[in-house]
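Trainee: this one's structure only:
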């Protein structure tokens, strides 16, 4: 498999091209760091975008939802979906509004969604999705009931085309603006997990496992 | 103006209906708390979703980009766009994978994008967008150059239809699962700004203003 996604009209980054990346390693790293994807599809010629959790194995993304949900029924039928995962890393405070911007890591994926039919493939996809947001938790939970697997629609989206865009620098101001006596730089933005809140039906003496404590310390 | 957006086939929340909100106050509060929107449109019958910063005034959202960018040129031409802002608040760690989920605040907006033509309206929209992510900063920056305003495409999206979806609870497990000796609850997720990083061309003695310090302390 080639190191880079082929550049085509579909995935070519047209603005701020110097921030574009087409290598699989970068695209995968951003996808793996995200918790939510924004998935777009066309319904009655109109665009719809919905936030969905997801998981990745190699060049395949998995999405899920209630089997009868609009998103799953539409993704099942359409031959074209687009998905974006964006992680915001900070605000770039330049000396002008024009040069102010955000730092971010962003990936856009294009592909043909397919409903996953087989029971075993569906179960494996559910594990992959679960492990994306809760690594290690799957094996601690009770096994899914057949009813639950049946009620869940799983979509497989093979990455046909993708690009990443990364912005992580300091302001790039106009030459003459550096003489303006104003503070400029970056205000970094961090997402982190805080204190675990147990529900009020915990069994006495049941504490968060090492896996759960690992989730809490996870860097996003 | 009515307190709620009218419920139609376009904005009706079909899954987890108990989490749906249609009141303008809730929709506005989520939009105002966000830093990035995911904007979907149709290009050559295919869906495209791009992250964009935005700003809101009453029932109008403003988006911007390079005047010649694909997003602006397509939004200018299309009569239908959909935009979603999602804020993740935590992971709901239930006793089964099926009942595990996320806590979030999410808004979906539908409307007809329009290119903003007039110079003054464009300048005002740029101020609104700037103030969304950097409240108070606009007045500290040098005024935009005419060239910069010309190079920027501004899209006005009046909110024709919208819905919010809020999930903020503890796990809702199957009755029999409460007997499983496993920890369950919520792992809250917080986004916060960290330490300001000045660029290396700051003029000696120029410190972050009260406005910039306010940005740093801002709760997201």
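Mentor: All right, it came through fine. Everything quoted here is computed from the prediction, not taken from an experiment.
Trainee: For the residue lying closest to residue A:219 once chain neighbours are set aside, give the beta-bridge partners.
Mentor: Nearest non-adjacent residue to residue A:219, counting by Cβ to Cβ, 6 or more residues apart in numbering or on different chains: residue A:192, 7.8 Å away. Bear in mind the C-beta positions are built from the backbone N, C-alpha and C, glycine included. Counting by DSSP bridges, residue A:192 forms beta bridges with residue B:190.
Trainee: Which stretches in chain A count as helices?
Mentor: A:24-33, A:70-77, A:119-133, A:146-151, A:210-217 (DSSP state H).
Trainee: can I get the ones you listed in JSON lines with mean neighbour count and distance to residue B:35?
Mentor: Shown next, in JSON lines, are the helices of chain A (neighbours: other Cβ atoms under 10 Å in any protein chain shown; distance: least, Cβ to Cβ, whole Å):
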{"stretch": "helix A:24-33", "mean neighbour count": "17", "distance to residue B:35": "17"}
{"stretch": "helix A:70-77", "mean neighbour count": "18", "distance to residue B:35": "24"}
{"stretch": "helix A:119-133", "mean neighbour count": "18", "distance to residue B:35": "21"}
{"stretch": "helix A:146-151", "mean neighbour count": "13", "distance to residue B:35": "35"}
{"stretch": "helix A:210-217", "mean neighbour count": "14", "distance to residue B:35": "24"}
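Trainee: now for the biggest strand by length in chain A, which elements pack on it?
Mentor: Using DSSP state E, we find that the single longest strand of chain A is strand A:81-93. Other elements packing on strand A:81-93 under the criterion 3 or more Cβ pairs under 8 Å, 6 or more residues apart in numbering or on different chains; DSSP states H and E are helix A:24-33, strand A:37-43, strand A:101-111, strand A:185-193, strand B:37-43, strand B:46-52, strand B:185-193, helix B:210-217.
Trainee: what's the angle from it to strand A:37-43?
Mentor: Orientation of strand A:81-93 against strand A:37-43 (axes from the mean of the first three to the mean of the last three Cα atoms, to 10 degrees) gives an angle of 130 degrees.
Trainee: mean confidence for strand A:81-93?
Mentor: Average pLDDT, strand A:81-93: 98.
Trainee: how far off strand A:101-111 does that strand point, in degrees?
Mentor: With the same axes, to 10 degrees as the basis, strand A:81-93 and strand A:101-111 are set at 170 degrees to each other.
Trainee: residue farthest from the centroid of chain A?
Mentor: residue A:179 (40.1 Å; Cα atoms, centre = their mean).
Trainee: Just the pLDDT for it.
Mentor: Taking residue A:179 on its own, its pLDDT is 97.
Trainee: who touches it in this structure?
Mentor: Neighbouring residues of residue A:179 by Cβ atoms under 8 Å, 6 or more residues apart in numbering or on different chains: residue B:203.
Trainee: where's it relative to residue B:196, distance?
Mentor: 21 Å (Cβ to Cβ, to the nearest Å).
Trainee: got TSV for the helices of chain A, with mean pLDDT and distance to chain B too?
Mentor: Listed next are the helices of chain A as TSV, based on pLDDT from 0 to 100; distance: least, Cβ to the nearest Cβ, whole Å:
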stretch	mean pLDDT	distance to chain B
helix A:24-33	98	12
helix A:70-77	92	6
helix A:119-133	97	5
helix A:146-151	95	4
helix A:210-217	96	6
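Trainee: neighbours around the residue nearest to residue A:219, how many?
Mentor: 15 (other Cβ atoms under 10 Å in any protein chain shown).
Trainee: gap between it and residue B:128?
Mentor: 30 Å.
Trainee: what sits against residue A:127?
Mentor: By Cβ under 8 Å, 6+ apart, the contact set of residue A:127 is A:138, B:97.
Trainee: go again using 6 Å as the cut-off
Mentor: Residue A:127 makes contacts with residue A:138, as judged by Cβ atoms under 6 Å, 6 or more residues apart in numbering or on different chains.
Trainee: Also residue A:193?
Mentor: A:216, B:187, B:189.
Trainee: got the buried residues for stretch A:179-190?
Mentor: Buried residues in stretch A:179-190, counting neighbours by 16 or more other Cβ atoms under 10 Å in any protein chain shown, are found at A:180, A:182, A:183, A:184, A:185, A:186, A:187, A:188, A:189.
Trainee: give me every residue that touches the nearest residue to residue A:173 once chain neighbours are set aside.
Mentor: Nearest residue to residue A:173, sequence neighbours excluded (Cβ to Cβ, 6+ apart): residue A:95, at 4.6 Å. With contact set as Cβ under 6 Å, 6+ apart, residue A:95 has these partners: A:173, A:177, A:180, A:182, A:184.
Trainee: distance of the fourth one from chain B?
Mentor: Going back to what we said before, that points to residue A:182. 6 Å (Cβ to the nearest Cβ, to the nearest Å).
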